[in-house]
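>>> What follows is a predicted protein model with its sequence.
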Amino acid sequence: ILADHPIVGKLKNHPRDKVAIRHVISGNSYTYGQLSDDIYKWHNILQSKLPSSGNGSRIAIMGENSYQFAVLFFATLMLPKTLAMPLCTNHTSAEIKYQLENSESSTIITPERFVDKVEEFVSPERKLIVFEEFDGNDVEASTSTSESTVSSPSTSDSSTPSGYMLYTSGTSGNPKGVVTPLETYVAQADALTKAWDINSNTAMLQTLPLHHVHGLVIGMTLPLLAGGSVDFLFPFSPKVFVDRITDASLPPINTYTAVPTIYTKLVSYVKQFQSDKEQFEKINSGLHNLHLAMCGSAALPSPLRNDWNKIVGDKVPLLERYGMTETSITLSQPLDPQYRVDGSVGAPVPSVIARLVDPDTSKVIYQSNEKSSHDTEASGELQLAGPVVFKEYWNKPEATSETFTEDGWFRTGDICRADASGNIFILGRASMDIIKSGGEKLSALEIEREILSLEEVDECSVVGVASEEWGQEVAVVAVLSEKGRASNFDLARLKSALKKTLANYKIPKKLLVVESIPRNQMGKVNKKTLVKIFD
Ligand code: ATP
Ligand code: MG
């Protein structure tokens, strides 16, 4: 059963004595042999705790980047008709409640230290399994559980596949549970392994949360399925990151992936050492071990790209890619840096086809697998097809049917354009980033990019506010840099600074300076909420 499993079977085939997972803080490491033995043990434990009819349930796993999380996640994937559902340890009680109730989870698995976060949701229909989190080399300890047993799951839905379920980030509304069957998960891993040449030499540093597709699929799954290694560190700390990549006593880290806000923290931490030549060179040689430094989940601002490139030189330029909970990563810049186009997220990864569809006329503007030339200025909704696309939103049949076209394409809700070589540029979400002003459709992301290149601004978010004259007008919420604060940067100066780069109708009409911009776990801004500060 272990050997035949499409995911766990791959883990079992790797050399038993090779290190699969390392904990950065403690330095403990775990081999593939231990990993597959523990997955098997936990699979048996879970099975004994679930009644024989106990299939067709959602099992919520609360945990942070650790060997134990990986064991429990993979063990849960082996249960028939069961979805493994990682929970976010930083979510509020209301957010956790929403996910447990919406998913009708039968079981919560958690280490002792997070019991207080989930205890209140335990009921006769929803049991708790507490595992002992340990950071020693005592593998036996990982298999101990509390006395509680699991009752029949609330629903025993025969159509439920095995696989994983993650909730979307909830940037544009209530998070939706995305059902990803095992075969879709395997297709996602295969596509990205090929796109980025992930292999048994891949040594990933994983600093992202595991309740999100970015950390779960890229950070954890890809290196393990390929027989490489994962170093777990959470939460991200620039100091510990730098300590790890410069630690010559450990195998070098060669692969990293993160969101723009993490790269911002990293760049500003590293910059402090610019005057300390010796330390700076040491950090740089650590960074130069990275074959692949990827960025995604939100647009990569060009000043950040430039700052990063200034620090690490042109040896390790950031690779930007685009993805969603519903599909994992579907568009990526190419591996070879010389073919990357700044500001574009690249082209479809293997097995994925992308097309752009005019939202008003439903006309196909561009399709990635067709050779004919297209209008490179026209923008349209990005739609995707391929084996990596999810099957359904949990318990939301209407949302599911709205998100697929009649001919079976997945509607991403993101508006894009494609250049003549097929490089795709994300202009933003149709629902929040496309501002309709005086008959024009403006991209908030494009305007943000220009504002962020000003030295006076550290962070910004561009929204459309209602205007009688224009329908909507461009407004900016910004966090000023030290320089901006010292020079009393204001709307008049913003307007004159942008005149050089933006057409008149794209220039913001309003500016609100704030201390910080509210962001969710993945560093994303809910603009539907943010725009209310202009009311
Ligand atoms: P919800 O669907 O609940 O509103 P969400 O869409 O933010 O939340 P995710 O699945 O985490 O949830 O994020 C996918 C979205 O993130 C994409 O649809 C896109 O808008 C944005 N995104 C991802 N990568 C990039 C990128 N490189 N550049 C710009 N936007 C990106
Ligand atoms: Mg979404």
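Thanks, I have the structure now. Ligands and ions are numbered 1, 2, ... in the order given.

>>> where does the stretch 101-250 of the chain come near ligand 1, residue by residue?
Residues of the stretch 101-250 of the chain lying close to ligand 1 by Cβ under 6 Å from any ligand atom are 168, 169, 170, 171, 172, 173, 175, 176. For glycine as for every other residue, the C-beta is placed from the backbone atoms N, C-alpha and C.

>>> For the residues you listed, which ChimeraX command selects only the ones that are buried?
The ChimeraX selection below is limited to those of those classed as buried (16 or more other Cβ atoms under 10 Å):
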select :168,169,170,171,172,175,176
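
>>> Just the ones in strands from the residues of the stretch 101-250 of the chain next to ligand 1, please.
Among these, DSSP state E puts none in strands.

>>> Just the closest of the residues of the stretch 101-250 of the chain next to ligand 1 to residue 458, please.
Relative to residue 458, the closest of those is residue 171; by Cβ to Cβ it sits at 20.9 Å.

>>> Is it possible to get CSV of the residues of the stretch 101-250 of the chain next to ligand 1 that adds pLDDT and distance to residue 501?
Below are those laid out as CSV (pLDDT from 0 to 100; distance: Cβ to Cβ, whole Å):
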residue, pLDDT, distance to residue 501
168, 95, 33
169, 90, 30
170, 88, 33
171, 87, 27
172, 84, 28
173, 83, 33
175, 93, 36
176, 96, 37
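
>>> Mind telling me what element the residue nearest to residue 259 when sequence neighbours are not counted is part of?
Leaving aside its sequence neighbours, residue 259 sits nearest to residue 297 (Cβ to Cβ, 6 or more residues apart in numbering; 4.5 Å). Assigned by DSSP states H and E, residue 297 falls within no helix or strand.

>>> so what's residue 297 up against?
By Cβ atoms under 8 Å, 6 or more residues apart in numbering, residue 297 lies in contact with 212, 214, 259, 260, 323, 522, 523, 524.

>>> I'd say the third one and residue 294 touch.
No. The criterion here is Cβ atoms under 8 Å, and residue 259 misses it with residue 294 at 10.2 Å.

>>> pLDDT at the residue nearest to residue 259, what is it?
At residue 297 the predicted local confidence, pLDDT, stands at 89.

>>> again with the one 10 residues further on
The model reports residue 307 with a pLDDT of 91.

>>> tell me which element residue 72 falls in.
Per DSSP H and E: helix 67-77 holds residue 72.

>>> contacts for that helix?
5, 7-8, 11, 21, 23, 28, 30, 35, 38-40, 42-43, 45-46, 59, 61, 63, 82, 84, 86, 109, 111, 131, 133-134, 142, 162-164, 182, 210, 216, 220, 224, 230, 232.

>>> From ligand 1, how far out is residue 46?
Relative to ligand 1, residue 46 is positioned 28 Å away (Cβ to the nearest ligand atom, to the nearest Å).

>>> Just say helix, strand or coil for that residue.
helix (DSSP: H, G, I helix; E, B strand; the rest coil).

>>> returning to that earlier point: just the buried residues of the helix holding residue 72, please?
So for helix 67-77, counting by 16+ other Cβ under 10 Å, buried means 67, 68, 69, 70, 71, 72, 73, 74, 75, 76, 77.

>>> State the next helix or strand along the chain beyond that helix.
Counting by DSSP H and E, what follows helix 67-77 is strand 83-87.

>>> helices and strands around that next one, which ones?
strand 58-62, helix 67-77, helix 93-103, strand 163-167 (3 or more Cβ pairs under 8 Å, 6 or more residues apart in numbering; DSSP states H and E).

>>> Off-centre distance for the first one?
What that stands for is strand 58-62. 19 Å (Cα atoms, centre = their mean, to the nearest Å).

>>> Tell me the strands beside that strand, with direction?
strand 83-87 (parallel), strand 107-111 (parallel) (DSSP bridges).

>>> Tell me which residues are up against the first one.
Taking contacts as Cβ under 8 Å, 6+ apart, the residues outside strand 83-87 that touch it are 57-63, 69, 73, 76-77, 96, 99-100, 103, 105, 108, 118, 160-166, 177, 179, 210-211, 216.

>>> again with the last one
In this structure, residues lying in contact with strand 107-111 by Cβ under 8 Å, 6+ apart are 49-50, 57, 59-63, 68, 72, 76, 87, 100, 117-118, 121-122, 126-133, 150, 153.

>>> Just the buried ones from those?
49-50, 57, 59-63, 68, 72, 76, 87, 100, 117-118, 121, 126-131, 133, 150, 153.

>>> my read: residue 413 touches residue 432, true?
No. With contact defined as Cβ under 8 Å, residue 413 and residue 432 do not form a contacting pair (9.3 Å).

>>> so what sits against both of these two?
Contacts common to residue 413 and residue 432, judged by Cβ under 8 Å, 6+ apart, are residue 172.
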